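**Q** Let me see the structure of the following:
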Amino acid sequence: MGKYSKWLSGGIGWALFGPIGALIGFALASLLDSDAPDEPDKQPSRRRTVYTGRTSRNSFMISLLVLISAVLKADGKVMRSELNFVKLYFQQKFGPEAEREALLLLRDLLKQQVQLGAICAQIAQNINYSSRLQLLHMLYDLAKADAPVNADEQRVIAMIAAMIGITPADQSSIKAMFVTETNQDYKILEISPDATNDEVKRAYRKMAMKYHPDKVSHLGEDIRLQAEQKFKTVAQAYERIKSTRGMA
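**A** The predicted model follows:
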C-alpha cells in the first residue's frame with residue numbers, strides 16, 4: 001500500500017466523486033498504482049481501514065481535511081507552525097498513524113485550489129446534520145489550538161458553516177464555545193438573557209439532546225469523545241446561568 005492507503009482503501013463512498021473526489025484523485029491514483037500486486041495471482045487488498053465504525057467515517061475525515069486546508073489558507077499563507085499544530089491535533093485526537101497519513105494528504109490538498117462552495121454543497125448533501133455540527137466544532141477547536149481564533153479564520157469558518165447548511169442559531173452557539181463574546185453562555189444555549197428560568201431549562205434540554213455524543217457515534221469512538229466537549233460546554237454554560245440566577 002502506498003501513501004494514504006488507510007484513508008482511501010476503506011470504501012469512502014461518495015467522497016470519491018464530485019469536487020472532493022477531484023481533489024483527492026491524485027491520492028487515489030497514487031494508492032492504486034502502489035497497490036498493484038507483485039504477482040499475477042495475488043490480488044490487492046482494498047478493504048483495510050485505519051478506523052473502526054461505518055465506512056462513512058473516512059468520508060467524514062477527508063471532508064474535515066479538505067475544510068481544514070481552506071481554513072489554513074484563510075489569511076493567504078500557511079505557516080509551518082500551523083501545520084505543526086494540525087499534526088499535534090491529529091496525533092492527540094486520532095493517534096500517530098492517523099496523524100502521519102492526515103499530514104501527507106493535507107500537504108497535497110494545500111497545493112490545490114479548493115472550490116469551497118462546491119465542496120460544501122457536496123458535504124451538505126451527503127453528511128447528516130449532527131455530523132456537520134461536529135465538523136464545525138472541530139474546525140473551531142483546531143483554529144483555537146494555537147491561538148485565539150483570528151478574524152480570517154472566523155470569516156472562513158462562518159462561510160463554511162453557512163454553506164454546509166448549519167442554521168444561524170447553531171453557528172452562533174458553536175462559535176460562542178470558542179470565541180469570547182457578550183452573553184456567551186446564553187448564545188451557547190441559543191436564548192437571550194431575558195429568557196425566563198423555564199425557558200432556560202427547556203433550552204438546555206433541547207441543546208443537550210442536539211449535541212448528544214451518541215448522534216455521531218457511528219463515526220468512531222474518538223470522534224464521539226470529541227463530541228462530548230460540545231455536550232459538556234452546554235452543561236457548563238447552563239450551570240453558570242443557573243448560578244448567576246440562583247436557580248434550583
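**Q** quick one, phi/psi of G246?
**A** For G246, the backbone dihedrals are phi 70, psi 30 (criterion: degrees, to the nearest 10).
**Q** If you count contacts, what does whichever helix in the chain runs longest end up packed against?
**A** Secondary structure of the chain per DSSP state H: the longest helix is helix 221-245. Judged by 3 or more C-beta pairs under 8 Å, 6 or more residues apart in numbering; DSSP states H and E, the packing partners of helix 221-245 are helix 80-94, helix 129-143, helix 184-188, helix 197-210. Quick note: C-beta positions are derived from backbone N, CA and C, even for glycine.
**Q** which one of those helices lies closest to V234?
**A** Nearest to V234 among the helices and strands packed on helix 221-245 is helix 197-210 (4.7 Å), distances taken as C-beta to C-beta.
**Q** Now do the closest one: everything it contacts.
**A** 130, 133, 170, 173, 188-191, 195, 231, 234-235, 238, 241-242, 245, 247 (C-beta atoms under 8 Å, 6 or more residues apart in numbering).
**Q** List the buried residues for it?
**A** Using 16 or more other C-beta atoms under 10 Å as the test for burial, helix 197-210 gives 200-201, 203-204, 207, 210.
**Q** just stretch 185-200 next, same as before
**A** Judged by neighbour count (16+ other C-beta under 10 Å), stretch 185-200 contains these buried residues: 185-191, 195, 200.
**Q** got JSON lines for those, with pLDDT and distance to D214 too?
**A** As requested, the buried residues of stretch 185-200 are exported to JSON lines (pLDDT from 0 to 100; distance: C-beta to C-beta, whole Å):
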{"residue": "D185", "pLDDT": "97", "distance to D214": "24"}
{"residue": "Y186", "pLDDT": "97", "distance to D214": "26"}
{"residue": "K187", "pLDDT": "97", "distance to D214": "24"}
{"residue": "I188", "pLDDT": "97", "distance to D214": "20"}
{"residue": "L189", "pLDDT": "97", "distance to D214": "20"}
{"residue": "E190", "pLDDT": "97", "distance to D214": "21"}
{"residue": "I191", "pLDDT": "97", "distance to D214": "24"}
{"residue": "A195", "pLDDT": "96", "distance to D214": "27"}
{"residue": "V200", "pLDDT": "96", "distance to D214": "24"}
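**Q** ok, those vs A102, which is closest?
**A** A102 has its nearest neighbour among the buried residues of stretch 185-200 in I188, at 29.0 Å by C-beta to C-beta.
**Q** Please name the residues that touch the nearest residue to the closest one once chain neighbours are set aside.
**A** Closest residue to I188 apart from its sequence neighbours, by C-beta to C-beta, 6 or more residues apart in numbering: A237 at 4.2 Å. Neighbouring residues of A237 by C-beta under 8 Å, 6+ apart: 184-186, 188-189.
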